[in-house]
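Novice: with the sequence up front, the predicted model follows.
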Amino acid sequence: MAAEIRIFPCLNDNYGYLIHDPATKATASIDAPEAAPVIATLEKEGWKLTDILVTHHHGDHVGGVAELKQKYKCRVVAPNDKAKAIADVDLRVKEGDTVKVGTLSARVLETPGHTLDHISYMFDAEKALFAADTLFSIGCGRVFEGTYPMMWESLLKLRALPDDTRLYCGHEYTAANVKFALGIEPDNAALKTRADEVARQRAANQPTIPTLLGEEKTANVFLRADEPSVAAHLGMSGKSAADVFGEIRERKNRS
Ligand code: ZN
Ligand code: FE
């Protein structure tokens, strides 16, 4: 039986996600921005929370963990953050570890940059990637704790996943990301196609997530820092991809 995934808005622009295993009825919340929408979605589906898979220590990703753990006695899985900023953790995981949710299985990918502890969860059989604040649709997270080369390596790790992987990211930022990306790649046909789709989705009040990783590879300028045309547009021909990525990220910070 195929896994079921639910997406629902939390806080201002976060997304909450539940992934459910029909075979065992195990259900995981990917992060917990706040408890109420997670509980509401569980009750609507008749599911019981068994696990929370935390991606990083920011408050808009862990704010609901304590309340949910108290209510459901669920297991909390989290990265090995040195500062132990994430509380109530039952299992700390690292690169290459496998996390089971019932019979479902997620591979842990360390994707530092936004924070040093940031991890992503790849459900290979379901072709579902939960990348939180590392990779957004047509964007990427701000580099708060890491360096640009570190974040670029993390993006390359995600870019290496199959094209038919669905990307579930932490925030609904796609419309602003599209506007910014068109400024750097005005002639990118894949980006223009995505821009039309996003405009339609937002007008209909629909999430722009999930998106296909294969489409992100062609349309997301942050995954394209090693494209000669992108470097040329920025006057950075011959510079390293990490440098080009850093320049794009800084321009986005100022936009
Ligand atoms: Zn964050
Ligand atoms: Fe966030």
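Specialist: Thanks, I have the structure now. Ligands and ions are numbered 1, 2, ... in the order given.
Novice: and the helices in the stretch 51-200 of the chain?
Specialist: Taking DSSP state H, counting those that start in this stretch to define them, one finds helices in the stretch 51-200 of the chain at 59-62, 65-72, 148-159, 174-184, 189-203.
Novice: out of these, flag the one nearest residue 50.
Specialist: helix 65-72 (7.4 Å; Cβ to Cβ). All C-beta atoms are positioned from the backbone trio N, CA, C, and that covers glycine.
Novice: re earlier: wait, which of the helices of the stretch 51-200 of the chain is closest to ligand 2?
Specialist: Closest to ligand 2 of the helices of the stretch 51-200 of the chain is helix 59-62 (Cβ to the ion; 4.5 Å).
Novice: do the closest one and ligand 1 meet?
Specialist: No - on the criterion Cβ under 5 Å from the ion, helix 59-62 is out of touch with ligand 1, staying 5.9 Å away.
Novice: what comes up buried for that helix?
Specialist: Counting neighbours by 16 or more other Cβ atoms under 10 Å, one finds that the buried residues in helix 59-62 are 60-62.
Novice: let's have those in a markdown table, adding distance to residue 153.
Specialist: Shown next, in a markdown table, are these (distance: Cβ to Cβ, whole Å):
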| residue | distance to residue 153 |
| --- | --- |
| 60 | 24 |
| 61 | 21 |
| 62 | 25 |
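Novice: near ligand 2 too, which of those?
Specialist: Filtering those for neighbours of ligand 2 using Cβ under 5 Å from the ion leaves residue 60.
Novice: how close does residue 150 get to ligand 1?
Specialist: 15 Å (Cβ to the ion, to the nearest Å).
Novice: right, I mislabeled it, should have said residue 220
Specialist: Going from residue 220 to ligand 1 by Cβ to the ion gives 18 Å.
Novice: and for residue 58?
Specialist: In terms of Cβ to the ion, residue 58 sits 4 Å off from ligand 1.
Novice: now tabulate the helices of the stretch 51-200 of the chain in a markdown table and tack on mean pLDDT and distance to residue 228.
Specialist: Converted to a markdown table, those look like this (pLDDT from 0 to 100; distance: least, Cβ to Cβ, whole Å):
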| stretch | mean pLDDT | distance to residue 228 |
| --- | --- | --- |
| helix 59-62 | 97 | 36 |
| helix 65-72 | 97 | 44 |
| helix 148-159 | 98 | 16 |
| helix 174-184 | 98 | 14 |
| helix 189-203 | 98 | 17 |
